[in-house]
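**Q** can you look at this prediction? I've put the sequence above it.
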Amino acid sequence: QNLFDSITGISGIVSVVISSLILIIATILVRSKISHKRKLEDALEAYGIIPERLAVSPEARGLDLPSAPEIVKIPDERI
């Protein structure tokens with residue numbers, strides 16, 4: 001009965017309403033994201049574009065990335 005009283009009280013009702021709204025909004029956002037992704041994939045397929053072609057390499061952006069530094073092990077030091 002204590003659980004029933006806490007759910008049917010004002011704070012319980014407000015909590016249930018807020019939780020329901022959060023769940024509904026999250027569901028709408030996820031479905032929207034999935035729908036947008038599906039439309040984008042359909043459009044890319046219609047124009048014959050593969051997603052790998054859309055990836056831009058650092059060289060194509062005009063960026064020269066330096067090589068990674070070499071790690072030198074000092075005899076008395078642990079890496």
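**A** Perfect, I can see it now. Residues are numbered from 1 along each chain as shown.
**Q** quick check: Glu52 vs Glu41, distance?
**A** Remark: distance between Glu52 and Glu41 (C-beta to C-beta, to the nearest Å) = 13 Å. (Each C-beta comes from the backbone N, C-alpha and C, glycine too.)
**Q** ok, Ser32 next?
**A** With the distance defined as C-beta to C-beta, Ser32 ends up 15 Å from Glu41.
**Q** do Ile10 as well
**A** To Glu41, Ile10 is 47 Å away according to C-beta to C-beta.
**Q** so between the two, which is more surrounded?
**A** Each of Ile10 and Glu41 has its neighbours counted (other C-beta atoms under 10 Å); Glu41 has more, 11 against 7.
**Q** helix, strand, or coil at that one?
**A** helix (DSSP: H, G, I helix; E, B strand; the rest coil).
**Q** show the pLDDT at it.
**A** You'll see Glu41 listed with a pLDDT of 90.
**Q** so which residues of this protein form strands?
**A** Per DSSP state E, the chain carries no strands over any range.
**Q** quick one: least confident helix or strand in it?
**A** Of all helical and strand segments in the chain, the minimum by mean pLDDT, DSSP states H and E falls on helix 2-8, at a mean of 69.
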